[in-house]
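Asks: below is the sequence, then the predicted model.
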Amino acid sequence: MLEYLRIRNFALIEDLKINFGKGFNVLTGETGAGKSIIIGAIGAILGEKVEQDAVRAGSEKSIIEAFFNIKDNFEAQKILKDSGIDFIEDEPIIIRREIFSEGRNRNYINSTPVPLSKLKELGNFLIDIHGQHEHQVLLKVNTHIQFLDKFGKLDKEREEFENEFKKYLGLKNKLEKLLMNEKEKNRMMEFLKYAIDEIDKANLKIGEDIELEKEFLILSNQEKIFEAIQKSYEFLYDNDVSASFNIENSINALAEVEKFDSNIVNIKQKLEEAYYQIEDVIGLIRNYKTGFEFSPERLNEIIERMELIKRLKKKYGDTIEEILNYRDKAVEDLNLIEQSEEEIEKTKLEIENIKVKLGNLALNLSGRRKVVAKLLEEKIENQLQELEMANTKFKVDINYIEDEQGIIEFEGRKLKVKEDGIDNVEFLISPNLGEELKPLRKIASGGEMSRIMLALKTILGEVDNIDTLIFDEIDVGIGGKTSDKVGRKLKSLGKFKQVISVTHQAQIARFADKHFVVSKRVSGNRTLTEVREVLGNDKVYEIARMLAGANITDTTLKHAKELLESAE
């Protein structure tokens, strides 16, 4: 559940805080006040893309923070655990997103930096946003099967089929490689053998290229290095004005007078320490000089070795590790081709076995969908009846497409198979009594589509684990008695979900458990969006404004009060 939202320097918003509650939360206000900006900010928290011009003019960055209670949200908890993000079950998690004006983003979950993809992954289990145009999703037929499976809790069966179908595609691809013609097979074998032999002869070791570069750097500058070492040795030791000679003389001079002043004793001790440290350094330099060898031969060896590795990288991979992986894969492919006859028969048998399994899984999944479809039809019609669509008939049409190349056969027909099975699912509707059922995408109006989506969300809300549903202007295309029904439906939905709705309809807003008014004002030649919760007379006044606009009269206020009282 979304408990708290803070937005800073985002579009028209300078600094805004909202404490959302359980049940039905409503955002109202005049057109252009900034209601959709708030929904956009929530979307940003959930990982949606935000343009850099969303940052308030004159600001370096936008900051959006949201507190979510995930006490009973086990999917969200699992994502956090798997990601190594610390959280306490009884305390809200804090999601923070910073959007910089130059295009950068920083994202945090409980102070842990995360990529935007992680916000999106987590957001899928926190909030379901139904935007102003989201009912258009219902116009896309390929989404209908997803609604059906979600309602029927068929995720497990669908995932099992998808996994087996992927295995089938992998085996099919493997068989195609095995069945390549003899000429192509010989050409491929020669290429693989050459690659394996070339990589093996190189005798590569991971990290070798880095070590070679280090050694090359030393050997290619060996004259400069020796010259510097020689000069350093001379300065420290090898002449009458060396550091070692001078420090030793200094110590002897101080020794003659140290008995007169204790401060000199301390100075002499410090010099003696320095003397011994310099002696150690002189020893290290002496050993380095003694062991130093000019080796043009070794330098040439390194250059040749580096050139070899460079050539191999161009052909087989960007790193030595990738080259060695390429070699291992080449060995695997070569073995596969060499053992092709035996492997072909084995793979064919595996394909036949998996076809049988896929057929059983697909028909079982299809049967479950048909049962679930009947229940969904009944529930949708009941919901639509409550939303002033009493005579509407709703049907989930499930059919198969024949395909001569199909791998699943049913009732003597070969069927087309997709990752989600053999079913083609489409929602059909007849909004008026006596009309034939037609595809939803061809017949439903905007107002009808909004109510169908609300019906679906209400039904799916009973079976999914997402705590918060957001409806951004669900009232598009409806009014009067229908708005009242929609408001009651949202209120009812708020009994087991947190519902947040942006609306322009007083008949909907009157049912709110918490009512927030979004407004804008001008301050210092800048437009600001503000939000405040309304209670008591303020709530009556806002409902009156929604009914009559700026022309609020005593009669309007009385009507608004009556509306609120009848909603309780």
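Replies: Cool, the structure landed. Here the structure is a predicted model, which is why all the values come from computation and not from measurement.

Asks: domain-wise, how is this protein divided?
Replies: 1-126+466-532, 534-568 (automatic domain parsing).

Asks: report the distance from the shortest one to the chain centre.
Replies: Spelled out, it's domain 534-568. 43 Å (C-alpha atoms, centre = their mean, to the nearest Å).

Asks: where in the stretch 51-200 of the chain is pLDDT low?
Replies: Flagging of the stretch 51-200 of the chain using pLDDT under 70 yields the residue ranges 131-138, 181-182.

Asks: and the strands in it?
Replies: Applying DSSP state E, counting those that start in this stretch to the stretch 51-200 of the chain gives strands spanning 61-68, 93-100, 105-109, 112-113, 127-130.

Asks: which parts of the second one are buried?
Replies: By neighbour count, and taking 16 or more other C-beta atoms under 10 Å as the criterion, the buried residues in strand 93-100 are 93, 95-99. Bear in mind the C-beta positions are built from the backbone N, C-alpha and C, glycine included.

Asks: and the angle from that strand to strand 61-68?
Replies: Going by axes from the mean of the first three to the mean of the last three C-alpha atoms, to 10 degrees, strand 93-100 is angled at 170 degrees with respect to strand 61-68.

Asks: partners of strand 93-100 in the sheet?
Replies: Paired strands of strand 93-100, with direction, are strand 61-68 (antiparallel), strand 105-109 (antiparallel) (DSSP bridges).

Asks: got it, and the shortest one?
Replies: For strand 112-113, the paired strands and their directions (DSSP bridges) are strand 105-109 (antiparallel).

Asks: could you list the residues in contact with the strand it pairs with?
Replies: With C-beta atoms under 8 Å, 6 or more residues apart in numbering as the test, strand 105-109 has contacts from 50, 80, 83, 85, 93-100, 113-116, 118-119, 122.

Asks: just checking the distance from it to the centre of its chain.
Replies: 12 Å.

Asks: all further residue positions should be reported with the first residue as 3.
Replies: Done: numbering now begins at 3, and the last item shifts to strand 107-111.

Asks: how about low-confidence regions in this structure?
Replies: 133-140, 183-184, 240-243, 293-296, 445-449.

Asks: immediately after the helix or strand harbouring Gln387, which helix or strand?
Replies: Assigned by DSSP states H and E, Gln387 belongs to helix 342-388. Downstream of helix 342-388, the next assigned helix or strand under DSSP H and E is strand 395-401.

Asks: now do the buried residues in stretch 498-515.
Replies: 499-514.

Asks: do the same with stretch 267-275
Replies: Neighbour-count burial for stretch 267-275 [16+ other C-beta under 10 Å]: 270, 273-274.

Asks: so which of those residues are in helices?
Replies: Judged by DSSP state H, the buried residues of stretch 267-275 include 270, 273-274 as members of helices.

Asks: please enumerate the helices of the stretch 403-552 of the chain.
Replies: 442-445, 448-463, 482-495, 508-511, 538-550 (DSSP state H, counting those that start in this stretch).

Asks: follow-up on the earlier one: with distance to Glu383 added, can I get the buried residues of strand 95-102 in TSV?
Replies: Below are the buried residues of strand 95-102 laid out as TSV (distance: C-beta to C-beta, whole Å):
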residue	distance to Glu383
Ile95	39
Ile97	39
Arg98	44
Arg99	41
Glu100	47
Ile101	44
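
Asks: show me which of these is closest to Lys155.
Replies: Ile95 (26.2 Å; C-beta to C-beta).

Asks: identify the bridge partners of the closest one.
Replies: Beta bridges link Ile95 to Phe70, judged by DSSP bridges.
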